[in-house]
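Colleague: Predicted coordinates and the sequence they were generated for:
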Amino acid sequence: MGKRSFNLNYDPETDVLNVAFGKARKAISYEQEPEVFVRVDSDTKEVIGITVLGFKKSFLATKQELAIKQPISP
């Protein structure tokens, strides 16, 4: 597997964490767990990002790891 770049952005005002893999592109979001969304390229079905709502308040306090379920289907 080759190297992949990613961008990490946390907004403390909204307590939202966004992780984007590679360049920005159109995506469909699927809720994997409450307040955890996986963004998927609608054409290739490749996972291109993750969004976590309530990251500091809820996610860090209760989760030890994040598992992305495969395959992702609508």
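Modeller: Nice, thanks for sending it over.

Colleague: helix/strand/coil for the residue nearest to Ser29 when sequence neighbours are not counted?
Modeller: Among residues not flanking Ser29 along the chain, Phe37 sits closest, at 4.4 Å (C-beta to C-beta, 6 or more residues apart in numbering). Heads up, the C-betas are built off the backbone N, CA and C, glycines and all. Judged by DSSP: H, G, I helix; E, B strand; the rest coil, the three-state class of Phe37 is strand.

Colleague: Can you check the pLDDT for Phe37?
Modeller: In this prediction, Phe37 carries a pLDDT score of 95.

Colleague: Look up which residues are beta-bridged to it.
Modeller: Per DSSP bridges, the residues bridged to Phe37 are Glu31, Thr51.

Colleague: Distance check, it against Val47.
Modeller: Look at Phe37 and Val47: by C-beta to C-beta, to the nearest Å, they are 11 Å apart.

Colleague: This protein: strands as residue ranges?
Modeller: According to DSSP state E, the chain carries its strands in the segments 6-11, 16-21, 28-33, 36-40, 47-53.

Colleague: Identify the residues contacting the residue nearest to Val16 when sequence neighbours are not counted.
Modeller: Using C-beta to C-beta, 6+ apart and skipping residues adjacent in sequence, the residue nearest Val16 is Leu53, 5.7 Å away. Contact analysis of Leu53 by C-beta atoms under 8 Å, 6 or more residues apart in numbering lists 15-16, 35-37.
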